[in-house]
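Participant: Sequence isn't available, so here's the structure alone:
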Ligand SMILES: Nc1ncnc2c1ncn2[C@@H]1O[C@H](COP(=O)(O)OP(=O)(O)OP(=O)(O)O)[C@@H](O)[C@H]1O
Ligand SMILES: [Mg+2]
């Protein structure tokens, strides 16, 4: 599970997260919606300390960390228990598909090469890429590259998975294959926090939906509540705009 208590984040004097409280229970899928600049990516990145939160408490699984006194060991522990999938894939361009997945296991988990290879092949098969193991990222479609990104996160068998707009760099016809892969991952019972602009997807996959604006959570509810009956004017406006587009 993920539990955030009163998380604040400043970039210099800019107050980007203003006291975020959020719990994602084990096996739960939660989506974050909200306008550009509202702090969605920053929030995800504060969970695994890709950005250092300014204050508050981050808890992942049974590791509870007061961010102001976080040690290197605390940060390592949060990082190894979270897997992250990025909008821009972030693959190593000079490594093959298989090597891109193996390297996480041999470097982060210190696993031996043979075991890492076996696990990586299994996982790449799960995301439908077993026939692309020796390809380099540049030889793949965007959708295939993103599925490598998902495989790399899954290989580490993290407690929680964070997705930051995993389909927004993709050509429209490639979006579905990636969303289908993510749905498969959700159906396996993983704990997931997903920033997305794909409203139908969010509606289908989420146990709960969160709406952020200007560094705060302004509305939270089940997908049904948020989409059918948003109680906050700002959420209504956002949804009607996005749905119309
Ligand atoms: N590394 C950084 N240094 C300084 N300011 C930053 C940094 N990253 C983000 N910001 C600022 O923090 C605010 C929130 O940014 P963030 O990327 O979290 O928004 P977002 O909700 O993910 O937006 P989008 O939907 O466009 O991805 C923005 O005003 C942004 O300019
Ligand atoms: Mg973002």
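Facilitator: Ah, there it is. Given the structure is predicted, the values throughout are model-derived calculations rather than measurements. Residues are numbered from 1 along each chain as shown. Ligands and ions are numbered 1, 2, ... in the order given.

Participant: only C-alpha atoms for contact and neighbour calcs from this point on.
Facilitator: OK.

Participant: which SS class is the closest residue to residue 15 other than its chain neighbours?
Facilitator: Once flanking residues are discounted, residue 15 sits nearest to residue 9: 6.1 Å by CA to CA, 6 or more residues apart in numbering. Going by DSSP: H, G, I helix; E, B strand; the rest coil, the secondary structure assigned to residue 9 is strand.

Participant: what about residue 9, neighbour count?
Facilitator: 24 (other CA atoms under 10 Å).

Participant: Enumerate every residue touching it.
Facilitator: By CA atoms under 8 Å, 6 or more residues apart in numbering, the contact list for residue 9 reads 15-18, 52-55.

Participant: Among the residues you listed, which ones are in strands?
Facilitator: Here DSSP state E is the test, and the contacts of residue 9 give 15-18, 55 as lying in strands.

Participant: filter those by proximity to ligand 1?
Facilitator: residue 16 (CA under 6 Å from any ligand atom).

Participant: are any of the ones in strands among the contacts of residue 9 buried, and which?
Facilitator: Among the ones in strands among the contacts of residue 9, those buried by neighbour count (16 or more other CA atoms under 10 Å) are 16-18, 55.

Participant: Kindly provide the distance from residue 62 to ligand 1.
Facilitator: 26 Å (CA to the nearest ligand atom, to the nearest Å).

Participant: repeat for residue 83
Facilitator: Residue 83 is 18 Å from ligand 1, by CA to the nearest ligand atom.

Participant: what's the answer for residue 213, then?
Facilitator: 8 Å.

Participant: So which residues on this structure come close to ligand 1?
Facilitator: 11, 16, 35-42.

Participant: ok, and the most crowded of the residues you listed?
Facilitator: Neighbour counts for the residues of the chain next to ligand 1, by other CA under 10 Å, peak at residue 40, which reaches 27 neighbours.

Participant: Make sure it is actually in contact with residue 46.
Facilitator: No. Residue 40 is not in contact with residue 46 according to CA atoms under 8 Å; the separation is 10.0 Å.

Participant: need the residues of the chain next to ligand 1 in JSON lines with pLDDT, can you?
Facilitator: JSON lines is the format used below for these (pLDDT from 0 to 100):
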{"residue": "11", "pLDDT": "97"}
{"residue": "16", "pLDDT": "98"}
{"residue": "35", "pLDDT": "93"}
{"residue": "36", "pLDDT": "94"}
{"residue": "37", "pLDDT": "95"}
{"residue": "38", "pLDDT": "96"}
{"residue": "39", "pLDDT": "97"}
{"residue": "40", "pLDDT": "97"}
{"residue": "41", "pLDDT": "97"}
{"residue": "42", "pLDDT": "97"}
